[in-house]
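A.B. asks: 3D, please:
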Amino acid sequence: MSGLRVLVSAAVLLLGPVGLRAQDSPEVARVRTWLDEHVPEMMREAGLPGFSIAVVKDGRTVHAAGFGARDPQKNLPATPDTLYGIGSVTKSFVAIAILQLAEQGKVTLDDPVSLHVPFELGRPGQPITLRHLLTHTPGFPNLGTSGILISRGLGSDTGIPMSSAADFYRFVNGAKGEVAFAPGEHFFYNNAAWRMLGHIVQERSGIPFHRYVKERILDPLGMKRSTLDVAVALRDPDHLVPHKKGKSGPEAAPFPYPNPEDNPGFSFLSAAGGILSSANEMARYVSAQIDQGRFSAGRLASADGFAGMQSLQVETGEGHYGTAGYGYGLGVTPGFLGHKLVSHGGSISVSTAHMAFIPDLKLGVVMMGNGPGMAYGRIAETVFALLMGLDPDEVLPGNRIRKRMGRLAGNYATYRKLETLKVFERNGLLFMGEQEPGTPLFPEDPAYGSLRFYTLSEGLRSPVEFKVREDGGLDLLVDRYVFHKKD
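C.D. replies: Purely as a prediction, here's the structure:
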């Protein structure tokens with residue numbers, strides 16, 4: 001069976017999803033072309049060895065591909081079936097597990113957390129509830145539990161005990177002085193909160209957390225290779241070799257999460273980000289999310305429960321598309337190009353992932369890589385714009401900014417080239433100097449509507465301005481000099 005999967009994966013790499021290229025719609029063809037043109041360069045800039053993607057439309061995968069190497073040392077290709085650690089995308093699976101228990105009457109979202117696990121933080125008369133954990137609003141900041149875990153897995157132990165439920169609650173309950181807000185008042189992205197949710201799943205179901213997710217969510221969806229069992233995933237013939245950023249490029253690294261099967265009593269450590277999955281299997285999950293929990297054999301949880309997951313429960317700030325926020329285990333952007341965008345990213349330092357979907361259009365995308373640094377959000381937004389028949393460079397503010405700033409980047413010189421400097425563009429930001437990284441140029445207009453910038457030194461601004469000449473060329477005014485763009 002594994003040999004068949006390898007053959008299918010090879011066909012996908014050469015031809016795209018089997019049987020799809022010949023019947024691509026114009027929109028899907030544009031997605032394919034954009035990815036083929038841009039992803040390799042984005043990987044090079046990010047130092048990412050391998051990348052996999054699947055695009056979903058109307059309940060089926062319309063494009064899936066792998067780029068680069070899942071194992072550079074052996075030069076093994078990344079495929080849509082390569083297993084990666086999906087990091088915090090795991091949180092939405094935890095939310096489903098909680099909804100399932102709620103629908104069985106074993107918990108309610110407004111139960112105090114302390115009713116189910118030995119949690120002691122909070123203020124008198126203001127209990128922290130499951131709903132507060134689900135929305136990252138318990139009132140205390142992230143406590144660094146993932147840093148403890150991942151550092152240990154990568155060989156730089158913090159020295160803080162974290163090998164049992166007792167260690168975990170000893171650490172968390174010791175943070176009473178960290179409670180800064182009443183529950184529900186403030187959004188603090190919080191991995192400890194999700195580990196407690198995982199523990200509640202474990203306590204109220206009587207099943208170790210990692211087995212519960214496998215048996216009650218992954219397997220019913222047909223995600224048979226997806227797992228929290230690290231040993232099983234790393235025995236799979238198509239799995240990632242994790243990579244971290246090194247001084248001279250990406251370096252192979254161990255998978256940082258411990259295997260929950262070795263320590264079932266502390267299985268819930270994996271609840272903040274422990275699932276390993278592939279782009280193709282996560283495409284099944286995206287389709288189930290779009291259909292509010294419905295899949296071929298029934299429902300994972302009620303439609304109302306999924307609607308709550310995908311609704312704005314707490315606002316987190318303003319972005320390019322207006323107000324953004326969080327539901328239950330999912331980020332929510334209500335105003336993305338006139339539609340609601342639901343998404344979540346994940347990182348365990350040496351493996352990253354991103355999932356996004358637009359429910360009313362039945363569009364989705366999942367991406368994964370065996371290292372950090374990839375601009376997943378930009379790719380997702382571009383894929384959606386193309387599938388909607390729009391020009392990404394016209395309708396996506398981030399693309400417009402990057403394109404505009406890219407035109408300003410280049411080599412500049414004064415009269416007779418007596419003085420020279422370079423302008424660099426990185427992720428829509430400009431830097432100026434003789435070589436990278438350079439001095440940052442801050443825009444006077446945060447929306448980048450003007451060509452006026454400034455540098456900042458000891459709290460003082462110095463103006464920097466680009467001007468378009470009558471012949472279409474660019475000048476750069478810095479202090480006493482006028483620099484002319486040469487290329």
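A.B. asks: check which helix or strand the spatially most central residue of the chain maps to.
C.D. replies: The structure's the chain has its C-alpha centroid closest to Gly345; by C-alpha atoms, centre = their mean the separation is 1.7 Å. Gly345 is part of strand 339-347 when elements are defined by DSSP states H and E.
A.B. asks: wait, Ser151 sits on Asp157?
C.D. replies: Yes: the criterion here is C-beta atoms under 8 Å, and Ser151 meets it with Asp157 at 6.3 Å. Backbone N, C-alpha and C define where each C-beta goes, glycine included.
A.B. asks: which of the two has more neighbours?
C.D. replies: Ser151 (18 against 11; other C-beta atoms under 10 Å).
A.B. asks: and the more buried one, helix, strand or coil?
C.D. replies: Using DSSP: H, G, I helix; E, B strand; the rest coil, the structure places Ser151 in helix.
A.B. asks: and it, how far is that from Ser349?
C.D. replies: 9 Å (C-beta to C-beta, to the nearest Å).
A.B. asks: next, show the common contact partners of those two.
C.D. replies: Shared contacts of Ser151 and Ser349 (C-beta atoms under 8 Å, 6 or more residues apart in numbering): none.
A.B. asks: leaving out sequence neighbours, find the closest residue to Ser296.
C.D. replies: Gly222 (7.7 Å; C-beta to C-beta, 6 or more residues apart in numbering).
A.B. asks: bridging residues for the residue nearest to the centre of the chain?
C.D. replies: His354 (DSSP bridges).
A.B. asks: does it touch Gly377 like I think?
C.D. replies: Yes: Gly345 lies in contact with Gly377 (C-beta under 8 Å); the separation is 7.4 Å.
A.B. asks: anything in contact with each of the two?
C.D. replies: Residues touching both Gly345 and Gly377 by C-beta under 8 Å, 6+ apart: His354.
A.B. asks: buried ones in the helix or strand containing Arg284?
C.D. replies: Under DSSP H and E, the secondary-structure element containing Arg284 is helix 279-290. The neighbour-count criterion (16 or more other C-beta atoms under 10 Å) identifies Ala279, Asn280, Glu281, Met282, Ala283, Arg284, Tyr285, Val286, Ser287, Ala288, Gln289, Ile290 as the buried residues of helix 279-290.
A.B. asks: now stretch 360-372
C.D. replies: Of the residues in stretch 360-372, those buried (16+ other C-beta under 10 Å) are Leu361, Lys362, Leu363, Gly364, Val365, Val366, Met367, Met368, Gly369, Asn370, Gly371, Pro372.
A.B. asks: how close does the residue nearest to the centre of the chain get to Gly206?
C.D. replies: Gly345 is 32 Å from Gly206, by C-beta to C-beta.
A.B. asks: same thing with Asp71?
C.D. replies: As judged by C-beta to C-beta, Asp71 and Gly206 stand 39 Å apart.
A.B. asks: looking at those two, which one has more neighbours?
C.D. replies: Asp71 (19 against 8).
A.B. asks: give me the neighbour count for the residue lying closest to that one once chain neighbours are set aside.
C.D. replies: Nearest non-adjacent residue to Asp71, counting by C-beta to C-beta, 6+ apart: Val241, 4.4 Å away. Counted by other C-beta under 10 Å, the residues lying close to Val241 total 24.
A.B. asks: same question, Val232
C.D. replies: Counted with other C-beta under 10 Å, Val232 comes out at 16.
A.B. asks: now do the closest residue to Pro112 other than its chain neighbours against Gly198, distance only.
C.D. replies: Nearest non-adjacent residue to Pro112, counting by C-beta to C-beta, 6+ apart: Pro127, 3.8 Å away. Distance of Pro127 to Gly198, given as C-beta to C-beta: 20 Å.
A.B. asks: between the two, who's got more neighbours?
C.D. replies: Gly198 (30 against 16).
A.B. asks: quick check: the gap between Gly204 and Ser146.
C.D. replies: One correction, residue 204 is Arg, not Gly. Arg204 is 24 Å from Ser146, by C-beta to C-beta.
A.B. asks: more neighbours, those two?
C.D. replies: Taking other C-beta under 10 Å, Arg204 and Ser146 do not tie; Ser146 has more neighbours (23 against 19).
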